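Undergrad: Pasting the sequence and the predicted model now:
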Amino acid sequence: MSRLELGVCYYPEQWDAAQWRDDAARMVDMGLDWVRIAEFTWGLIEPARGQFDWGWLDQVVDILGQAGLRVMMSTPTAAPPKWLIDEYPEILPVGPDGQVRGFGSRRHYCFSSDVYLDEARRIATEYARRYGQNPHVCAWQIDNEYNDHDTVLSYSDAARQGFRRWLADRYGTIDELNRIWGTVFWGSIYTSFDQIELPNNLVASPNPTQALDFARYSSDRVRLFNRAQVDILRALSPGRDITHNFMAGSFEFDHHAVAADLDIVGFDSYPLGNLLGSALSEKDKRRYLRTGAPDYQGFHCDLYRSQGKGRMWVLEQQPGPVDWAEKNPSPLDGMVRLWTWAAYAHGAQAVMFFRWRQAAFAQEQFHTALLRSDGSLDQAALELAQVALEREALPSVIRTRAQVAMMLDYESLWAADILPHDDAFPNAQILRGWYTGLRSLGIDLDFVGPDDDLSGYALIVLPQCMIALAALAAKLQDSGAKLLIGARAGSKTADMHTPPNLAPGELASLAGVRVTRVESLPELAGESVRLGDGKTHSFTGWREVIETDNAVTGRFVSVYRDGSPAIVRSERATYLAMVPRDALLRDILVEALEWAGIRVTDCGPDLRITRRGGLGFAFNFGDIAQAVPNGGGQNYLVGTSEIPPYGIAIWREKAAH
């Protein structure tokens, strides 16, 4: 699939059946191709154990299919029915405060519950038997938004028992666990796996290896839960693509691992809903209040496209104000169109809008949709119509491999949260900062995980790779790429120990440094870094004292060990002994890209350019017109070389000579 396909999330159960046929006809008239349904229908389909009412859903599928729409059916496991909770109350998740999280919303289940895993298999099997061979059902979504409402980490009795079994399998003996966990440190020795509790509600911080193991165990349970339903759908609904809608900004489980079991990697995109809760400055939040950050859509599209090996869908696209954020502003007119084309430019095969009609009751009444609750067109429907027309002017193209790759390792993110050494350590925000820095320089990039193929890249960046194993170091060495390695890389082993050779551990030979001390500094410290060209930039936060025999291309300006190395260049790698941001980060990225032989295009804060196949795309997130860099003489298919505020341009790339 290389042509942009369009879809919508539909909840026919919330509307009179007399509207369904008209809804389907209107969807087709708007240019929609797909309809996603049924993710919250378990209690309607099975109102009591073993009693099924399929008639209304059969009718919906038939109406949509007869109208010419393709149906994405969902398994309904995100919202188990009340009768099941009453039968097995131990299914409910438990928060870090030890309180059971009750029925009446959604995601009220614990991934560790084997009882619920069996029930999820059972209901998924019923749905797959009913619709697996239906000609109108062309794809499946499993569950809905793993970790929504922070439910991956559950502190239930099922989790306690499951964690103990997982640990026994991992370590074999309790003596080995004591050794790896270092329980001798505070005298917290165990004599049996049955003594081990979960790492919550403690007087002080938990043992870091225990906390990391619990994160690993919890992530494994998500993959087990997802894979169980994948296996059922593969068997009963062959030939249909299977996906899940990951939550943008969620790092609480290993998305690389779960994505490996899917055909399509989907995610839910809410550029404004996630803006105010982001780490952007107040100035930038004000600047992008009605547009979303310029790199929100691109970051998540590139991440999930990479995890999907080129197959990525936006399964929920924000259509207007949402209802679940701290504040819920309206996007400027034109932004839904811009976000949709940005998703396509970054590799999306399809974009689905959430939702068809605004709810008139229950929890999401203020969440906008394509239609208002009275059926009239809202702004997103008008912009959808424009996108549907514009796509007809574009040739079919696919996103190709980039020159630059960014390493994203979920275990390293968990590890840094567990053992930060700096209460304000930016952790995952480092990834976003580097991504924005690269994109503002006109760079397209892929994301990679430690187990991915690293060949063919000119530059691989490792913004935050706290745990770097020998296998990853070997792959980086064999890749032939230039490397830009951020601070803390390789500073912990898989067991959350300091490496025998100190940080950066397995990356030491590539980086050519040895870290002898680390500190974290407040803003008031007033530290700076002086680059080789004489420029001086301020920095704060993480700082390392390092030894090296390699070229030093940046030095600290400080009352403490003034002139000590801040940036070191070996034959293959540039190593950073601090966490750069703003102008310092930009200068470091420019120098690394030029070192790797990659051309830089200064796009400024508001303009973003990217490429998909033979097409170029430009997006203006600012309030003044922007010119496409080197855009004269292009064959423009949408727009012109002068991009209006909040506008886009699409052109055919000039053939290389």
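TA: It's in.
Undergrad: Validate this expectation: V529 resides in a strand.
TA: Yes: V529 sits within a strand when classified using DSSP: H, G, I helix; E, B strand; the rest coil.
Undergrad: From the rest of the structure, what touches stretch 646-657?
TA: If you take Cβ atoms under 8 Å, 6 or more residues apart in numbering as the criterion, stretch 646-657 is touched by 291, 332-335, 337-338, 341-342, 390, 394, 611, 614-623, 628, 631, 633-641, 643. The way it works is simple: take the backbone N, C-alpha and C, and place the C-beta from them, glycine included.
Undergrad: my bad, should have said stretch 126-134
TA: 38, 45-46, 52, 54, 58, 61, 65, 71, 73, 75-76, 137, 140, 232-233, 235-238, 240.
Undergrad: Any chance of a PyMOL selection covering the buried ones in those?
TA: To isolate the buried members of the contacts of stretch 126-134 in PyMOL, using 16 or more other Cβ atoms under 10 Å:
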select buried, resi 38+45+46+61+65+71+73+75+76+137+140+232+233+236+237+240
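Undergrad: From the contacts of stretch 646-657, list just the buried residues.
TA: Among the contacts of stretch 646-657, those classed as buried by 16+ other Cβ under 10 Å are 291, 332, 334-335, 337-338, 341-342, 390, 394, 611, 615-622, 628, 631, 634, 638-639, 641, 643.
Undergrad: and the contacts of stretch 646-657, which of them are in strands?
TA: Secondary structure defined by DSSP state E assigns 611, 615-620, 635-638, 643 of these to strands.
Undergrad: from those residues, which has minimum pLDDT?
TA: Sorting the ones in strands among the contacts of stretch 646-657 by pLDDT puts N635 at the bottom of the list (93).
Undergrad: Could you tell me how far it is located from E642?
TA: Applying Cβ to Cβ, to the nearest Å, the value for N635 to E642 is 15 Å.
Undergrad: For the stretch 301-450 of the chain, which segments count as helices?
TA: Here the stretch 301-450 of the chain has its helices, by DSSP state H, counting those that start in this stretch, at 335-345, 379-390, 410-418, 428-439.
Undergrad: Could you say which of those helices is packed most deeply?
TA: Most buried of the helices of the stretch 301-450 of the chain by mean neighbour count (mean count of other Cβ atoms under 10 Å) is helix 335-345; its value is a mean of 26.
Undergrad: quick check, distance from that one to the centre of its chain.
TA: 17 Å (Cα atoms, centre = their mean, to the nearest Å).
Undergrad: Can you tell me which helices and strands it packs against?
TA: Contact here means 3 or more Cβ pairs under 8 Å, 6 or more residues apart in numbering; DSSP states H and E; on that basis helix 335-345 packs against helix 296-307, strand 312-317, strand 348-353, helix 379-390, strand 607-612, strand 615-620, strand 648-652.
Undergrad: So which of the ones you listed is nearest G266?
TA: strand 312-317 (3.9 Å; Cβ to Cβ).
Undergrad: still on that earlier bit, so which of the contacts of stretch 126-134 are in helices?
TA: 45, 58, 61, 65, 232-233, 235-236 (DSSP state H).
Undergrad: OK, contacts around the residue nearest in space to the middle of the chain?
TA: The residue lying closest to the centre of the chain (Cα atoms, centre = their mean) is A248, at 4.4 Å. Each residue near A248 by Cβ under 8 Å, 6+ apart is listed here: 267-270, 274, 296, 300.
Undergrad: Distance of the closest residue to it other than its chain neighbours relative to S330?
TA: Of all residues not flanking A248 in the chain, H300 sits nearest, at 4.4 Å (Cβ to Cβ, 6 or more residues apart in numbering). For H300, the distance to S330 (Cβ to Cβ) stands at 21 Å.
Undergrad: Looking at these two, which one has more neighbours?
TA: Per other Cβ atoms under 10 Å, whichever of H300 and S330 has more neighbours is H300, with 24 against 13.
Undergrad: okay, that one: pLDDT?
TA: 98.
Undergrad: Roughly how far does it sit from P463?
TA: For H300, the distance to P463 - Cβ to Cβ - is 16 Å.
Undergrad: A649 - nearest residue in space that isn't next to it in sequence?
TA: Here the nearest residue to A649 in space, its sequence neighbours aside, is G639; by Cβ to Cβ, 6+ apart that works out to 3.6 Å.
Undergrad: wait, what's in contact with the closest residue to A381 other than its chain neighbours?
TA: In this structure, A381 finds its nearest non-sequential neighbour in L370, 4.4 Å apart by Cβ to Cβ, 6+ apart. L370 makes contacts with 8, 30, 319, 353, 355-357, 377-378, 380-381, 384, as judged by Cβ under 8 Å, 6+ apart.
Undergrad: same deal with L276?
TA: Each residue near L276 by Cβ under 8 Å, 6+ apart is listed here: 285, 325-327.
Undergrad: And the furthest pair within those residues?
TA: The most distant members of the contacts of L276, if one measures by Cβ to Cβ, are K285 and A325, lying 11.8 Å apart.
Undergrad: Please enumerate the shared neighbours of the two.
TA: 275-276.
Undergrad: Now D268: closest residue in space that isn't a chain neighbour?
TA: Nearest to D268 is E316, by Cβ to Cβ, 6+ apart, at 3.8 Å.
Undergrad: Number of residues surrounding that neighbour?
TA: Counted by other Cβ under 10 Å, the residues lying close to E316 total 24.
Undergrad: Break down the stretch 451-600 of the chain into its strands, ranges please.
TA: 459-462, 482-485, 513-521, 527-531, 536-539, 541-548, 551-557, 565-569, 573-576 (DSSP state E, counting those that start in this stretch).
Undergrad: what about the first one, distance to the chain center?
TA: Meaning strand 459-462. 19 Å.
Undergrad: In PDB, list the C-alpha atoms belonging to that strand.
TA: In PDB, the C-alpha atoms belonging to strand 459-462 read as follows (Å, rounded to 0.1, in the frame of the first residue of the first chain):
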ATOM      1  CA  LEU A 459      25.500   8.100  11.100                       C
ATOM      2  CA  ILE A 460      24.000   6.300  14.100                       C
ATOM      3  CA  VAL A 461      23.100   8.400  17.100                       C
ATOM      4  CA  LEU A 462      22.800   7.100  20.700                       C
END
